[in-house]
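**Q** What follows is a predicted protein model with its sequence.
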Amino acid sequence: MIKYLYSLLTQIHPKPVIEMSTLTYDEAKTWIDTLKKQIKQRNQKMIGSSEQFLEKAIRSISTTDNKELYQIGNELSLHYFNRPCKIPIEWDKSLKNAAGCFQFDKRNHKPIRIVQSLWQYNQFGAQHVIGTLKHELAHYHLFIQEKPFHDADMEFKQTCRKIGAPLFALAMQEGYETSCSVCGESTGLEKKEKKKLASRCCKQPLDFGEYVLILPDGSRIEVIK
Ligand SMILES: [Zn+2]
Ligand SMILES: [Zn+2]
């Protein structure tokens, strides 16, 4: 019960001062009821004010910890799904080839967390992260309602369209744009500048151009490597 009380306390700001060590059973029970009511009221208030929640106005998100990232995710969750997000949302420093990811325990059918690529935030900014969060939240909410929740599922795609989330938060290509040094035909992306590579068309060395990212929607972004 103390554990439960503690978990409720982590959701409340500012925290009331409770002398945990000397708490009687009845006192703890009263606190739990009070805190539950407070959290419920706050969540309802957030749903009520959701029209004033301007996701388009968000230009930056703190990356020193996961607090603001979670806050934004939870507001998106309340706004689009009328339910809070009950799993952590965390920055991931190593995730590069995906914008974000919804992790779950397959065997016990339990949601675990949502991770968001820190690298992609630094590259593409806050609005990209918000799009990704909406996509991952769609996975999460369909999953907990035991509905089809995979990227390829019809219901998932419909949900994404309804809330204006990108259909793909995954796969992104990156590399130097290359072309044949003789005829100039495009020869695709290469991760490294290799002198030995030869073009298929003329069997000649390649020219290396800009380092680019190709997003799932096909847009091309030059990056400085
Ligand atoms: Zn997905
Ligand atoms: Zn050629």
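**A** Yes, it's here. Residues are numbered from 1 along each chain as shown. Ligands and ions are numbered 1, 2, ... in the order given.

**Q** could you pull out the helices for this structure?
**A** With DSSP state H as the criterion, the chain has helices at 2-9, 25-48, 67-81, 118-124, 126-144, 154-163.

**Q** buried sites along the third one?
**A** The reference is to helix 67-81. L69, Y70, I72, G73, N74, E75, L76, S77, L78, H79, Y80, F81 (16 or more other Cβ atoms under 10 Å). C-betas here are computed from N, CA, C, even on glycine.

**Q** Give me the spatial nearest neighbour of the fifth one, chain neighbours excluded.
**A** Residue nearest to N74 in three dimensions, not counting chain neighbours: C85, with 4.9 Å by Cβ to Cβ, 6 or more residues apart in numbering.

**Q** Could you double-check that that neighbour sits in contact with E75?
**A** No. If you go by Cβ atoms under 8 Å, C85 and E75 don't touch, sitting 9.1 Å apart.

**Q** quick one: the closest residue to E222 other than its chain neighbours and G175, what's the gap?
**A** Spatial nearest neighbour of E222, chain neighbours left out: E210 (4.8 Å); criterion: Cβ to Cβ, 6+ apart. According to Cβ to Cβ, to the nearest Å, E210 stands 10 Å off from G175.

**Q** Equivalent analysis for Y80, please.
**A** Distance, Y80 to G175, using Cβ to Cβ: 35 Å.

**Q** Get me the contact residues on the chain for ligand 2.
**A** C180, V182, C183, E185, S199, C201, C202 (Cβ under 5 Å from the ion).

**Q** Isn't the first one up against F208?
**A** It refers to C180. No. Contact criterion Cβ under 8 Å: C180 and F208 do not qualify, at 11.7 Å.

**Q** okay, E210 and G175: which has more neighbours?
**A** Ranked by neighbour count (other Cβ atoms under 10 Å), E210 and G175 place G175 first, with 18 against 13.

**Q** I'd like the residues of the chain next to ligand 2 as a markdown table, with pLDDT and distance to Q145 appended.
**A** A markdown table is the format used below for those (pLDDT from 0 to 100; distance: Cβ to Cβ, whole Å):
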| residue | pLDDT | distance to Q145 |
| --- | --- | --- |
| C180 | 93 | 52 |
| V182 | 93 | 57 |
| C183 | 92 | 55 |
| E185 | 91 | 50 |
| S199 | 91 | 51 |
| C201 | 91 | 52 |
| C202 | 93 | 56 |
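
**Q** Quick check on the residues you listed: which are buried?
**A** Taking 16+ other Cβ under 10 Å as the criterion, what is buried in the residues of the chain next to ligand 2 is C180, S199.

**Q** Out of the residues of the chain next to ligand 2, list just those in strands.
**A** Among the residues of the chain next to ligand 2, the residues falling in strands (DSSP state E) are C180.

**Q** Good, wrapping up.
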